[in-house]
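> sequence below, structure please.
(one chain, ligands or ions: 1)
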Amino acid sequence: MGLPLLQGEGRGEDGVKEVSLRELNCHLYLADDYSALSRRAAELFAEEARTAVAKRGRFLVLLSGGETPRHCYELLSRKPLRALVPWHAAEIFWGDERFVPPGDPRNNARMAREAFLDHVPLSEGQIHPIPFRNSAHESAEQYQAQLLEFFAGAPPRFDLALLGLGDNGHTASLFPGTPVLDEKYRWVSEVALEDGQQRITLTVPVLNQSATVLFLVSGEGKAQVLHEVLEGTPNPQRLPAQLIRPEHGKLIWLADREAARMLTLQEGELSYGTK
Ligand SMILES: O=C1O[C@H](COP(=O)(O)O)[C@@H](O)[C@H](O)[C@H]1O
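This is a model prediction of the structure:
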């Protein structure tokens, strides 16, 4: 079954075009380049923060790692966007982490701290990195316990989950063919990769409770996988990003022109989201 649901709305002055997939509550923004993508992502971050604080008095956000969000993070630490975020009411969490010490250059929290968290008015108590313990399993258990305490036992619901897309279809640390893809009960899990890396990730049921999920996808190297995730046959074991469909929230894909090069969305049928 395809979903011919697209509404092209034309390219705006900021170099970003929006396409809406109405029935999925899914929006696709196409940015001219990485710079426009980063600016739009930072604007969306600020908008979601203000909306959440107006409605619920606080803004709970999950950050992603990798390289794609770096410039968005930097923009959030500078004028004019810095002034638009109600930092006093923000609580910062992570969707995934590499099992490395906090000072390691591969550490997702380190990147975010350097790019923006150290430069905006947040107290250390508002920052909730995934802990580094004796094992990835222990780190995952500890983060789950921290979430349990923070959310007073209720299932975690984040206002905004920032996610990336790996060129192999992974998102957060939900990698193709790993057992965590089938996790139904745990909120946080360790992940062992074939190359020996260990990761910690929030699980699909938690990510899908988010009020808004925002994927950032940039560059030529992501064109094939973005096309497969959005327009290919559903195959979440191979393309875990297809598992992300917020149950009661909205899903936003923000891609730059290079990453969106193979998309044919404007021409009609989409298989993404079919059951
Ligand atoms: O390993 C990871 O990669 C993904 C994608 O990163 P990107 O820089 O290629 O967009 C990222 O979202 C995830 O948090 C990270 O741990």
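> and the most centrally placed residue in the chain, what is it in contact with?
Nearest to the centroid of the C-alpha atoms of the chain, with distances taken as Cα atoms, centre = their mean, sits L163, at 1.6 Å. By Cβ atoms under 8 Å, 6 or more residues apart in numbering, the contact list for L163 reads 64, 95, 171-172, 207, 213-216, 241, 244. C-beta coordinates here come from the backbone N, C-alpha and C atoms, glycine included.
> and the helix or strand where it lies, how far out from the chain's middle?
Remark: L163 resides in strand 160-164, with elements defined by DSSP states H and E. The chain centre lies 2 Å from the centre of strand 160-164; the measure is Cα atoms, centre = their mean, to the nearest Å.
> longest helix of this protein?
When the chain is parsed with DSSP state H, its longest helix is helix 34-56.
> distance between the helix or strand containing A140 and the chain's centre?
Taking DSSP H and E as the definition, A140 sits inside helix 136-150. Chain-centre distance of helix 136-150: 20 Å, with Cα atoms, centre = their mean.
> let me know the average pLDDT across that helix.
In this model, helix 136-150 has a mean pLDDT of 98.
> that helix near the ligand anywhere?
No - residues of helix 136-150 are not located near the ligand by Cβ under 6 Å from any ligand atom, the shortest gap being 13.1 Å.
> before we move on, the earlier item: just the angle between the strand holding L163 and helix 34-56, please?
Going by axes from the mean of the first three to the mean of the last three Cα atoms, to 10 degrees, strand 160-164 is angled at 160 degrees with respect to helix 34-56.
> could you list the residues of the stretch 51-200 of the chain in contact with the ligand?
Going by Cβ under 6 Å from any ligand atom, the residues of the stretch 51-200 of the chain near the ligand are 64-68, 96, 108, 163-164, 166, 172-173.
> helices - which of these land there?
Per DSSP H, those map to helices at N108.
> just among the residues of the stretch 51-200 of the chain next to the ligand, which is most surrounded?
A172 (31 neighbours; other Cβ atoms under 10 Å).
> contacting residues around it?
A172 touches 64, 95-96, 163, 201-202, 207, counting by Cβ under 8 Å, 6+ apart.
> neighbours of the closest residue in space to L174 that isn't next to it in sequence, how many?
In space, and not counting its chain neighbours, L174 is closest to P240: 4.0 Å by Cβ to Cβ, 6 or more residues apart in numbering. For P240, the neighbour count with other Cβ under 10 Å is 27.
> same question, V213
Neighbours of V213 using other Cβ under 10 Å come to 25.
> tell me the bridge partners for it.
On the basis of DSSP bridges, V213 is bridged to A161, L251.
> list the contacts of stretch 60-71.
34-35, 38, 41, 45, 48-49, 52, 73, 90-98, 108-109, 111-112, 115, 157-164, 166, 172, 202, 207, 210, 216-218.
> surely L230 meets A260?
No - if you go by Cβ atoms under 8 Å, L230 and A260 don't touch, sitting 9.3 Å apart.
> tell me which of those two has more neighbours.
L230 (27 against 24).
> any idea which element the more buried one lies in?
Taking DSSP H and E as the criterion, L230 maps to helix 223-231.
> now do that helix: everything it contacts.
Here helix 223-231 has contacts from 28, 165-169, 217, 239, 241-242, 253, 255, 258-265, 270-272, using Cβ under 8 Å, 6+ apart.
> of those residues, just the buried ones, PyMOL syntax please.
Here is the PyMOL selection string for the buried members of the contacts of helix 223-231, based on 16 or more other Cβ atoms under 10 Å:
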select buried, resi 28+165+166+169+217+239+241+242+253+255+258+259+260+263+265+270+272
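> the residue lying closest to G249 once chain neighbours are set aside: what's it in contact with?
The shortest distance from G249 to any non-neighbouring residue, by Cβ to Cβ, 6+ apart, is to A211 (4.4 Å). Contact analysis of A211 by Cβ under 8 Å, 6+ apart lists 48, 52, 157-160, 246, 248-250.
> and for P131?
So P131 contacts 139, 142-143, 146 (Cβ under 8 Å, 6+ apart).
> show the pLDDT at the nearest residue to P101 once chain neighbours are set aside.
Spatial nearest neighbour of P101, excluding adjacent residues (Cβ to Cβ, 6+ apart): F132 at 5.3 Å. Here, the pLDDT recorded for F132 equals 98.
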